[in-house]
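J.: Next comes the sequence, and after it the predicted model I'd like to discuss.
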Amino acid sequence: MLDMTDKPFSEYAERNGAPILDVLRNEFANCTKVLEIGSGTGQHAARIAKELPFLRWQTSDLDENHGGIRAWVNDSGLANLLPPLSLDVLTSDVPAASCDAVFSSNTAHIMSIEAVQKMFEIVGNVLTERGVFCLYGPFRQGGEFNTPSNAAFHTSLRSRNPEMGIRHLESLDEYARDHNMARARLYTMPANNHIAVWNKDAA
């Protein structure tokens with residue numbers, strides 16, 4: 001059991017970890033190397049890398065979050081869990097065709113639209129042919145929020161920073177198409193969230 005005393009810990013990440021793992025176990029079954037964009041506390045990375053040992057899991061985040069992620073990586077003792085890359089989606093470059101899977105959790109609604117578009121550009125570039133991108137979080141569909149609580153959450157985000165907010169899934173599909181990806185599936189998740197899955201088109 002990991003010692004929680006010297007690592008960042010999110011109760012929310014702990015609760016949603018199991019259903020996320022269930023989806024990724026299916027979606028990443030034929031993958032070998034995953035780039036996680038925005039590893040946050042590092043909890044998801046440590047849990048998933050342990051349960052899916054066939055994946056080489058590359059963490060990444062802004063530099064200020066690296067200490068916590070490294071603590072989870074180091075305590076895990078997992079050879080397939082890699083220390084974080086320095087990655088700001090607005091400025092960073094990632095080697096092309098270097099991963100066959102990308103995962104990101106609860107990032108799109110706290111980024112600016114420019115940053116979300118850049119994230120899709122990075123994903124489209126980094127994925128190999130037929131690669132998989134899984135994005136977890138709340139989305140709007142058909143211009144509507146799926147629950148009143150998500151509408152309130154969107155208002156709260158906008159009050160903190162007008163560049164943040166719950167994104168339209170149709171807009172994300174557009175950004176994906178701009179970089180040769182198409183949405184294949186949408187999973188309904190607990191707490192009014194979803195996982196959207198896009199596949200990289202074969203050339």
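T.: Received it, and whenever you're ready, just let me know what you need.
J.: Scan this structure for its longest helix.
T.: Longest helix in the chain by number of residues (criterion: DSSP state H): helix 11-27.
J.: starting at the chain centroid, how far to it?
T.: With C-alpha atoms, centre = their mean, to the nearest Å as the basis, helix 11-27 stands 11 Å off its chain's centre.
J.: try stretch 124-143
T.: Mean-position distance between stretch 124-143 and its chain equals 9 Å (C-alpha atoms, centre = their mean).
J.: repeat for stretch 158-166
T.: Using C-alpha atoms, centre = their mean, the offset of stretch 158-166 from its chain centre is 19 Å.
J.: which residues are contacting it?
T.: For stretch 158-166, contacts defined as C-beta atoms under 8 Å, 6 or more residues apart in numbering pick out 109-113, 137-140, 145, 150, 153-154, 157. For glycine as for every other residue, the C-beta is placed from the backbone atoms N, C-alpha and C.
J.: can you check stretch 105-112 too?
T.: For stretch 105-112, the surrounding residues in contact (C-beta under 8 Å, 6+ apart) are 13, 20, 36-38, 40, 44, 89, 116, 119, 135-138, 154, 157, 163-167, 172.
J.: Can you say which of these are buried?
T.: 13, 20, 36-38, 40, 44, 89, 116, 119, 135-138, 154, 157, 164-167, 172 (16 or more other C-beta atoms under 10 Å).
J.: could you pull out the helices for the chain?
T.: Using DSSP H, the helices found in the chain span residues 11-27, 43-51, 66-76, 113-126, 148-160, 169-178.
J.: Just the mean pLDDT for the fourth one, thanks.
T.: Confidence for helix 113-126, expressed as mean pLDDT, is 98.
J.: counting contacts, what elements does it pack onto?
T.: strand 99-105, helix 169-178, strand 181-189 (3 or more C-beta pairs under 8 Å, 6 or more residues apart in numbering; DSSP states H and E).
J.: Touching stretch 18-33 from outside, list them.
T.: Residues outside stretch 18-33 that contact it (C-beta under 8 Å, 6+ apart): 34, 44, 47-48, 51-52, 54-56, 58, 98-101, 103, 105, 131-132, 134, 136, 185, 187, 189-190, 195, 197.
J.: For ChimeraX, write the select line for the buried members of the residues you listed.
T.: The ChimeraX selection below is limited to those of the contacts of stretch 18-33 classed as buried (16+ other C-beta under 10 Å):
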select :34,44,47,48,52,55,56,58,99,100,101,103,105,131,132,134,136,187,189,195,197
